[in-house]
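[1] sequence and predicted structure, then a few things I'm wondering about:
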Amino acid sequence: MKMMENCTLKYDVGSQIGDYTLLAHCGKGAYGMVFLAENSVTHQKVALKIIHTFSQNFERELKGLQQYQQICRGTNLLQIYHVGKGEDFFYYTMDAADSIGEKEYIPKTLANILQKHGKLQVEEIRAMIESIFDCLKILHSKGVMHRDIKPENILYVDGLAVLGDIGLITDHGQTTLAGTPGFIPPEVLAGIRDYETKDDFYAFGKVLYCALTGLPVTQYPSFPASGTLTGAGEIIKLYTRLCAGEKFELSLKSGKHRLKWYIFGVAALLLLVAGIFYLIPESPEVTADIPEQTSPEIPAYQPSQAMLDLLPELRGHYQQLESQMYSAMFEASINISDQEIVEAERYLAQHPEDPLCGYPQAWITSRKMEQAKADFDRQHQNDPVWCYFRNQQDIAFFSASLKGNTLPRYPVAEAQSKLRDLYRRQGELEAAILKKYQK
């Protein structure tokens with residue numbers, strides 16, 4: 001990673017690489033840096049990605065690029081235009097995303113749209129579904145998978161949604177773990193099985209959830225406490241089925257597509273449902289992020305140096321417990337009786353507004369997993385490490401709420417009150433942890 005950073009640090013806005021002048025920094029891809037660039041001969045604006053040849057994964061990116069080049073020509077996929085080589089790096093150019101910046105170039109990615117506007121409208125989501133399904137159909141028909149579908153990797157080129165960051169694209173024979181937690185099925189993340197074609201659809205289901213609700217993937221399957229989801233029932237059912245992997249036929253009212261999918265069996269359904277309701281996120285970072293709107297009277301939690309020194313060890317302990325929690329949730333979900341199905345069908349018939357109406361098995365599974373999670377929390381309520389990291393997640397959420405980056409957006413006074421309690425609680429948990437673990 002350091003080598004890649006050293007290479008890319010040689011280049012900045014205004015630098016020249018081959019026939020291309022770097023105009024703006026776009027972001028960081030799977031294995032390299034991306035810039036907006038202009039061809040000095042044709043004046044075509046493109047996205048240019050730099051990959052250091054000493055990075056341990058550059059061969060994977062190069063192989064994926066070669067496979068992708070053979071597929072993308074003459075399709076609606078993101079187009080690759082030129083591949084070049086420098087002294088210790090190679091680069092390639094591709095379609096540049098539209099810009100959502102008024103004065104500066106800001107790539108029009110789904111992630112940037114959600115950050116700016118909160119969420120997409122239903123019709124915008126329908127258009128995205130149609131376009132991304134087209135992309136996946138082409139990739140999968142050629143025997144390759146994307147493996148890193150998330151809001152940051154959905155770009156808009158000439159108004160059309162396409163899949164970006166092709167660095168993790170691979171064929172079915174190369175299925176080492178890659179991608180982004182939250183968009184990977186939990187059994188893949190846990191090493192139970194390799195990544196498969198169907199998992200691209202799982203990831204896109206999670207993307208649809210983020211686009212519709214404006215919530216981060218870590219909040220799945222919660223809905224905003226405020227706002228409206230009018231007309232979104234079909235999309236909610238779609239992303240539920242994408243993540244559950246049911247066999248179904250999709251017909252969007254936009255009328256242009258009618259797709260039939262034959263995906264998983266029942267065993268895979270039960271495994272994947274674990275990922276629908278509680279994903280395995282990266283452990284939360286412990287920071288003292290003080291929002292601008294936070295009152296000075298709120299004493300923000302600041303971890304001591306002794307606590308910071310312990311964090312690597314504590315994070316490992318927390319991750320072990322988290323893994324146990326997901327195992328307990330999965331075990332709770334695999335035994336569903338006929339009587340439970342009957343009772344669920346009766347309940348859902350009386351509540352047609354429920355997003356899982358028509359899917360009694362998924363409805364039962366969700367509730368069993370929620371109960372298993374609540375039971376696990378109760379069993380570990382006296383473990384200060386478990387409570388510390390769970391508390392940190394709440395701090396991050398309410399801090400983001402004060403910045404206007406979450407749905408629901410809590411009133412400032414309420415969010416400040418929550419933060420005040422959370423900061424105080426975090427200090428108490430640190431004291432308990434240091435007493436127990438400090439040597």
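    Perfect, thanks for sending it.

[2] Pro181 against Val188, yeah?
    No: counting by CB atoms under 8 Å, Val188 is not a contact partner of Pro181; they are 10.4 Å apart. In short, each C-beta sits where N, CA and C put it, glycine included.

[3] same drill for those two, tell me which one is more crowded.
    Set side by side, Pro181 and Val188 show more neighbours around Val188, with 22 against 14, by other CB atoms under 10 Å.

[4] please tell me the pLDDT value assigned to the more buried one.
    With respect to pLDDT, Val188 scores 79.

[5] what about it, helix or strand, and which?
    If you go by DSSP states H and E, Val188 is part of helix 186-189.

[6] same check, this time on Leu238
    Going by DSSP H and E, Leu238 is part of helix 233-244.

[7] other SSEs contacting that helix?
    helix 122-141, helix 198-213, helix 266-277 (3 or more CB pairs under 8 Å, 6 or more residues apart in numbering; DSSP states H and E).

[8] buried stuff in the first one?
    For helix 122-141, a neighbour-count test (16 or more other CB atoms under 10 Å) marks 122, 124-136, 138-140 as buried.

[9] which stretches of the stretch 201-350 of the chain have low pLDDT?
    225-228, 245-298, 323, 326-327, 330, 333-334 (pLDDT under 70).

[10] what about 90?
    215, 217-303, 308-341, 344-345, 348-349 (pLDDT under 90).

[11] now do the strands in it.
    Along the stretch 201-350 of the chain, counting by DSSP state E, counting those that start in this stretch, strands occupy 248-251, 258-261.

[12] any weak-confidence spans in the stretch 51-200 of the chain?
    Applying pLDDT under 90 to the stretch 51-200 of the chain flags residues 51-76, 80-91, 101-103, 138-148, 164-199.

[13] strands of that one, start to end?
    Using DSSP E, counting those that start in this stretch, strands in the stretch 51-200 of the chain cover 80-85, 89-94, 144-145, 154-157, 160-163, 170-171.

[14] any chance of these in TSV, with distance to Met369 too?
    Output for those, formatted as TSV (distance: least, CB to CB, whole Å):
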stretch	distance to Met369
strand 80-85	42
strand 89-94	40
strand 144-145	27
strand 154-157	28
strand 160-163	30
strand 170-171	31
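
[15] same list (those strands) but as TSV, adding distance to Thr230 and mean neighbour count.
    Formatted as TSV, the strands of the stretch 51-200 of the chain follow (distance: least, CB to CB, whole Å; neighbours: other CB atoms under 10 Å):
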stretch	distance to Thr230	mean neighbour count
strand 80-85	40	15
strand 89-94	37	22
strand 144-145	35	23
strand 154-157	24	22
strand 160-163	22	22
strand 170-171	40	17
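
[16] and these: which comes nearest Ile106?
    Closest approach to Ile106 among the strands of the stretch 51-200 of the chain is made by strand 154-157 (11.6 Å; CB to CB).

[17] that closest one packs against which elements?
    Against strand 154-157 (3+ CB pairs under 8 Å, 6+ apart) you get helix 110-117, strand 160-163.

[18] now do the shortest one: distance to the chain's middle.
    It refers to strand 160-163. Chain-centre distance of strand 160-163: 17 Å, with CA atoms, centre = their mean, to the nearest Å.

[19] got the domain boundaries for this protein?
    Domain assignment for the chain by automatic domain parsing gives 2-94, 110-277, 305-437.

[20] tell me the contacts of Lys206?
    Lys206 makes contact with Lys150, Gly182, Phe183, Val217, Tyr220, Tyr239, Cys243, Leu279 under the criterion CB atoms under 8 Å, 6 or more residues apart in numbering.

[21] that older thread, closest one to Pro299 among the domains of the chain?
    Shortest distance between Pro299 and the domains of the chain, using CB to CB, is found for domain 305-437: 6.2 Å.

[22] that closest one spans what distance, first to last residue?
    Terminal residues of domain 305-437 are spaced 14 Å apart (CA to CA, to the nearest Å).

[23] run the chain-centre distance for it.
    18 Å.

[24] give the buried residues for the longest helix anywhere in the chain.
    Taking DSSP state H as the assignment, the helix of the chain that covers the most residues is helix 305-333. Using 16+ other CB under 10 Å as the test for burial, helix 305-333 gives 307, 310-311, 314-315, 318, 321-322, 325-326, 328-330, 332-333.

[25] and for stretch 220-239?
    Tyr220, Pro221, Phe223, Pro224, Ala232, Ile235, Ile236, Lys237, Leu238, Tyr239.

[26] in PDB, list the C-alpha atoms belonging to that stretch.
    Written as PDB, here are the backbone C-alpha positions of stretch 220-239 (Å, rounded to 0.1, in the frame of the first residue of the first chain):
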ATOM      1  CA  TYR A 220     -30.600  -2.600   7.300                       C
ATOM      2  CA  PRO A 221     -33.500  -3.500   7.500                       C
ATOM      3  CA  SER A 222     -34.800  -0.400   9.400                       C
ATOM      4  CA  PHE A 223     -36.900   2.200   7.800                       C
ATOM      5  CA  PRO A 224     -36.700   6.000   8.500                       C
ATOM      6  CA  ALA A 225     -38.900   7.100  11.300                       C
ATOM      7  CA  SER A 226     -39.900  10.100   9.200                       C
ATOM      8  CA  GLY A 227     -40.500  10.700   5.500                       C
ATOM      9  CA  THR A 228     -42.500   8.700   3.100                       C
ATOM     10  CA  LEU A 229     -41.900   5.600   1.100                       C
ATOM     11  CA  THR A 230     -45.000   6.000  -1.000                       C
ATOM     12  CA  GLY A 231     -45.000   3.800  -4.100                       C
ATOM     13  CA  ALA A 232     -41.900   1.900  -2.900                       C
ATOM     14  CA  GLY A 233     -43.500  -1.400  -2.000                       C
ATOM     15  CA  GLU A 234     -42.300  -3.100  -5.200                       C
ATOM     16  CA  ILE A 235     -38.700  -1.900  -4.600                       C
ATOM     17  CA  ILE A 236     -38.800  -3.100  -1.000                       C
ATOM     18  CA  LYS A 237     -40.000  -6.500  -2.000                       C
ATOM     19  CA  LEU A 238     -37.300  -6.600  -4.800                       C
ATOM     20  CA  TYR A 239     -34.400  -5.900  -2.500                       C
END
